[in-house]
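1. just a sequence and a predicted model for now, questions to come.
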Amino acid sequence: MKLALAVGLSEKAARFAAELGVRHVVGGLGTLPQEYAGVIDLDVFLKAKEFYAGYDLELDTLEGFPHGFYHRAMLGRPGRDEDIDNTCASILNMGRAGIHVLSYQWMPLGGLSTDVIRGRGGATERRFDMESANRSPGATLDWHSGPLYELPDREYSGEEIWDNLTYFLERVVPVAEEAGVKLAMHPDDPPIPSFLGVDRILGDLAGLQRLIDTVPSPSNGLNFCQGCVSEMPGVDVPAAIRQFGTQDKVFFAHFRDTRGTVPRFDEVFMDEGDTDMFAAMKAYKDAGVDVCMRADHTPGVIGDNHCADRGFAFQFGYMQGLAQAVDALPATTSGT
């Protein structure tokens, strides 16, 4: 595995990652130039890649295009073809720049969260509680502190969302193949069936498999967000890793854990959740998965900065230890 962190386009962030021993980074594009008009220019990708290379960091994976980039396509609204054309042109530029994995999502309402609670030793943790979400639905939207996702104008059924996704994939996947880019779909977080009348279609393993099967292609696969999978009731996380890993459909991975499942769960440190994280790390190796894996989210610890560097230092170190322990297993037992 290529163990990674999400690293911003700043000297401080890049130096921090390099000092931890990070070599592979998951990046964004920073603030796009004023002349940005829907298509992300090749120069934007090249500058990001060159910035990280200056700190001996390799930009393996791009974590999403700008907010709302293909929102009309998700909802099947007028203008979706323009969104898709812009997405295709941007993917071609991304491939030309030598960035070969794009993580994206299909959540018209974005990620959902309800509470910040106190966990181990007073660390702050994210909680999702369906009861709280139903009481305060507006406050549940877009917990990433970016611009709010808009409230839905009507109900959107699961099959309508699937139709919109199929329309998108049929047009974008062939372009991604041409560009040498792998599209890594993020599961719904949280994996609930519907919210505010908008169905969420990628909240179980069947939905993730349907995504893969809808447009079969070496460029159509998953960002295996292990935390989202751990939020799904009744799912064996290591078995799910093997299910998709042996199909060669894990293009990127988020490594994190939770305590509890839908309808209520808490996001905790890697060493205190419900998943056997050693077994999970071993499952990636057993399935032959060798992709960029980043420490995904962290509880907040005392004295930390807005980037949560202290928390992520713990998470990355724990992940490193697990990977080294798995690599040290005798070859004769690596598949047992």
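-> Structure's in. What do you need? Numbering: from 1, shown residues only.
2. report how many residues lie close to the closest residue to Ile192 other than its chain neighbours.
-> Among residues not flanking Ile192 along the chain, Val262 sits closest, at 5.7 Å (CB to CB, 6 or more residues apart in numbering). Placement of C-beta: from N, CA and C, glycine included. Applying other CB atoms under 10 Å, we find 18 residues neighbouring Val262.
3. need the contact list for Val262.
-> Val262 makes contacts with Phe128, Met130, Pro190, Pro191, Ile192, Gly203, Glu231, Met232, Pro233, as judged by CB atoms under 8 Å, 6 or more residues apart in numbering.
4. again with Thr298
-> When contacts are counted by CB under 8 Å, 6+ apart, Thr298 touches Phe269, Ala308, Gly311, Phe312, Phe314, Gln315.
5. for Asp286, the count of nearby residues, please.
-> 18.
6. equivalent analysis for the one 3 residues further on, please.
-> Here the neighbour count serves as a burial measure; for Val289 (other CB under 10 Å) it reads 22.
7. got a pLDDT number for it?
-> Per-residue confidence (pLDDT) for Val289: 98.
8. am I right that it sits in a helix?
-> No. Read with DSSP: H, G, I helix; E, B strand; the rest coil, Val289 is coil and lies in no helix.
9. need the contact list for the closest residue to it other than its chain neighbours.
-> Nearest non-adjacent residue to Val289, counting by CB to CB, 6+ apart: Gly245, 4.3 Å away. Neighbour list for Gly245: Phe224, Ala283, Tyr284, Asp286, Ala287, Gly288, Val289 [criterion: CB under 8 Å, 6+ apart].
10. list only buried entries from these.
-> Phe224, Ala283, Tyr284, Asp286, Ala287, Val289 (16 or more other CB atoms under 10 Å).
11. any idea how far the third one is from Thr246?
-> Taking CB to CB, to the nearest Å as the criterion, Tyr284 is separated from Thr246 by 11 Å.
12. and for the first one?
-> Phe224 sits 12 Å away from Thr246, taking CB to CB as the criterion.
13. which two among the contacts of Thr298 are spaced furthest apart?
-> Taking CB to CB as the measure, the contacts of Thr298 span a maximum distance of 12.1 Å, between Phe269 and Ala308.
14. which of these two has more residues huddled nearby?
-> Between Phe269 and Ala308, counted using other CB under 10 Å, the more crowded position is Phe269 (20 against 17).
15. not counting its neighbours along the chain, what's nearest the more buried one?
-> Pro299 (5.8 Å).
16. go on, Arg126?
-> Of all residues not flanking Arg126 in the chain, Glu267 sits nearest, at 4.3 Å (CB to CB, 6+ apart).
17. do Thr166 as well
-> That would be Thr214: by CB to CB, 6+ apart, it lies 5.5 Å from Thr166.
18. tell me the pLDDT of that neighbour.
-> pLDDT, Thr214: 98.
19. surely it and Asn164 touch.
-> No. Taking contacts as CB atoms under 8 Å, Thr214 lies outside contact range of Asn164: 11.7 Å.
20. more crowded one of these two?
-> Higher neighbour count among Thr214 and Asn164: Asn164, with 22 against 15, using other CB under 10 Å.
21. quick check: phi and psi on the more buried one?
-> phi -70, psi -40 (degrees, to the nearest 10).
22. now Thr298
-> Dihedral angles for Thr298 - degrees, to the nearest 10 - are phi -160, psi 140.
23. quick one: residues contacting Val198.
-> Val198 is in contact with Pro108, Leu109, Pro152, Glu155, Tyr156, Ile161, counting by CB under 8 Å, 6+ apart.
24. neighbouring contacts of the helix or strand containing Arg15?
-> Of the helices and strands defined by DSSP states H and E, Arg15 is found in helix 11-20. The contact list for helix 11-20 (CB under 8 Å, 6+ apart) reads 5, 7, 25, 51-52, 54-57, 307, 309, 313, 316-317.
25. just the helices in the chain please.
-> Shown for the chain, the helices assigned by DSSP state H span residues 11-20, 42-53, 71-75, 80-96, 130-135, 137-140, 158-179, 205-214, 226-230, 237-245, 277-286, 309-327.
26. ok, which of the ones you listed comes nearest Gly197?
-> For those, the distance to Gly197 is smallest for helix 137-140, at 10.2 Å, taking CB to CB.
27. and the closest residue to Ala240 other than its chain neighbours, what pLDDT?
-> Closest residue in space to Ala240, ignoring its immediate chain neighbours: Val229 at 5.3 Å, by CB to CB, 6+ apart. On pLDDT, Val229 comes in at 98.
28. spit out the contact partners of Val229.
-> Val229 touches Pro187, Leu205, Val235, Val237, Ala240, counting by CB under 8 Å, 6+ apart.
29. where in the stretch 151-300 of the chain is pLDDT low?
-> For the stretch 151-300 of the chain, no stretch has pLDDT under 70.
30. one more time with 80
-> Scanning the stretch 151-300 of the chain for pLDDT under 80 picks out 151.
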